[in-house]
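# attaching a predicted model along with its sequence, questions to come.
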Amino acid sequence: MIDEFIPAEPLEGTKFSEYKNKILITLKRNSEYCPCNHTRSIDTLCPCKIYRETKKCECHLYEDE
């Protein structure tokens with residue numbers, strides 16, 4: 001699921017490119033659970049429940065540049 005979001009090449013030229021790359025790598029390591037939340041449940045699978053309900057990503061992965 002998260003594999004489709006992990007770019008083959010690092011994101012470049014964006015405001016948060018280095019930060020977003022770290023979040024994507026951490027998501028992969030965390031079995032797609034939100035790295036900003038210490039709980040592992042269906043509600044913390046990326047995109048997490050908070051994002052699905054409010055469209056606000058606490059990790060800032062899903063936001064306009």
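That came through fine.
# can you show me the helices along this structure?
For the chain, applying DSSP state H gives helices covering 17-29, 49-54.
# mean confidence score for the first one?
Per-residue pLDDT values across helix 17-29 average out to 85.
# going by neighbour count, which residues in that helix are buried?
Using 16 or more other Cβ atoms under 10 Å as the test for burial, helix 17-29 gives 20-21, 23-24, 26-27. Where C-beta positions appear, they are placed from N, C-alpha and C, glycine not excepted.
# got TSV for those residues, with distance to residue 41 too?
Below are these laid out as TSV (distance: Cβ to Cβ, whole Å):
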residue	distance to residue 41
20	24
21	26
23	19
24	21
26	17
27	15
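# what's the closest of these to residue 49?
Ranked by distance to residue 49 (Cβ to Cβ), these are led by residue 27 at 15.4 Å.
# ok, back up a step: with distance to residue 40 added, can I get the helices of the chain in CSV?
Supplementary listing: these in CSV, determined by distance: least, Cβ to Cβ, whole Å:
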stretch, distance to residue 40
helix 17-29, 12
helix 49-54, 13
